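**Q** Take a look and give me a structure for this.
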Amino acid sequence: MGNTSGCTVDDLQAVEMHLWYKKFMTECPSGQLTLHEFKQFFGLRGLDTEANAYIEQMFRTFDMNKDGYIDFMEYVAALSLVMRGKMEHKLRWYFKLYDVDGNGCIDRHELLNIIKAIRAIRGNESSELSAEEFTNRVFDRIDINGDGELSLEEFVAGARTDEEFMEVMMNSLDLTHIVATIHNRRNSE
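**A** Numbers count the residues shown, from 1 in each chain. Got it, this is the predicted structure:
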């Protein structure tokens, strides 16, 4: 009866955590990932100005204690959020990532730069709308009070109702291919 293998969910999580730790320490023996190493770790080189600024903002968002490094616990928290987190937590994290100046609102300029960066990183996928048109459309749809800024509440509610915007956000931080690459790299050695 019950679990005949003797393996619990906690056991599986412990095994997975050990694998993440092993991979992290292999890639980053010092135990602290710098911005430069972060870019190398995720294969992000030769980026344009907007894309580079986005990656730096992402690094700062992952660096929860603001010491200029991502340690293993910050790495695990970030991967866990991106790969398993509840939608509400992900949307709050995206808001923090997109609110570059940290003033509690996302303005058109911030969103436009993020959209340009995402497109640059993902290879400038052909899109019916330019980055400017897409940004304007997002604001037209989800800036409920029309003040030219997205509050956390507008952002979360709008993302839940605007499928295209939600898809852009989810694809902007799709780390599954990166995790698979790291896993394959380790298994091939």
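**Q** Can you spell out which helices and strands pack onto the lengthiest helix in the chain?
**A** Ranked by residue count, the top helix of the chain under DSSP state H comes out as helix 9-27. If you count contacts as 3 or more CB pairs under 8 Å, 6 or more residues apart in numbering; DSSP states H and E, helix 9-27 packs onto helix 72-84, helix 176-187. Every C-beta, even on glycine, is put in place using the N, C-alpha and C of the backbone.
**Q** and the ones you listed, which one is worst for confidence?
**A** Per-stretch averages of pLDDT across these put helix 176-187 at the bottom, with a mean of 50.
**Q** Quick check: buried residues in the helix or strand hosting residue 170?
**A** Residue 170 is located in helix 163-172, with elements delineated by DSSP states H and E. For helix 163-172, burial by neighbour count (16 or more other CB atoms under 10 Å) applies to 165-166, 168-169, 172.
**Q** nearest to residue 147, of those?
**A** residue 165 (18.2 Å; CB to CB).
**Q** from what I can see that closest one touches residue 155, true?
**A** No - counting by CB atoms under 8 Å, residue 165 sits too far from residue 155 to count as a contact (9.4 Å).
**Q** who touches both of the two?
**A** residue 142 (CB atoms under 8 Å, 6 or more residues apart in numbering).
**Q** Need the buried residues of helix 163-172 in JSON lines (columns: distance to residue 73 and pLDDT).
**A** Output for the buried residues of helix 163-172, formatted as JSON lines (distance: CB to CB, whole Å; pLDDT from 0 to 100):
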{"residue": "165", "distance to residue 73": "31", "pLDDT": "86"}
{"residue": "166", "distance to residue 73": "28", "pLDDT": "86"}
{"residue": "168", "distance to residue 73": "29", "pLDDT": "81"}
{"residue": "169", "distance to residue 73": "25", "pLDDT": "78"}
{"residue": "172", "distance to residue 73": "24", "pLDDT": "68"}
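**Q** which among the residues you listed gets closest to residue 115?
**A** Distances from residue 115 to these, taken by CB to CB, are shortest for residue 168, at 7.1 Å.
**Q** how about the closest one, what does it touch?
**A** Applying CB under 8 Å, 6+ apart, the residues near residue 168 are 115, 118, 134.
**Q** Make sure I have this right: the second one is in a strand.
**A** No - assessed with DSSP: H, G, I helix; E, B strand; the rest coil, residue 118 is helix; it does not lie in a strand.
**Q** What does the pLDDT read for it?
**A** 79.
**Q** what's the burial count for it?
**A** Per other CB atoms under 10 Å, the neighbour tally for residue 118 reads 20.
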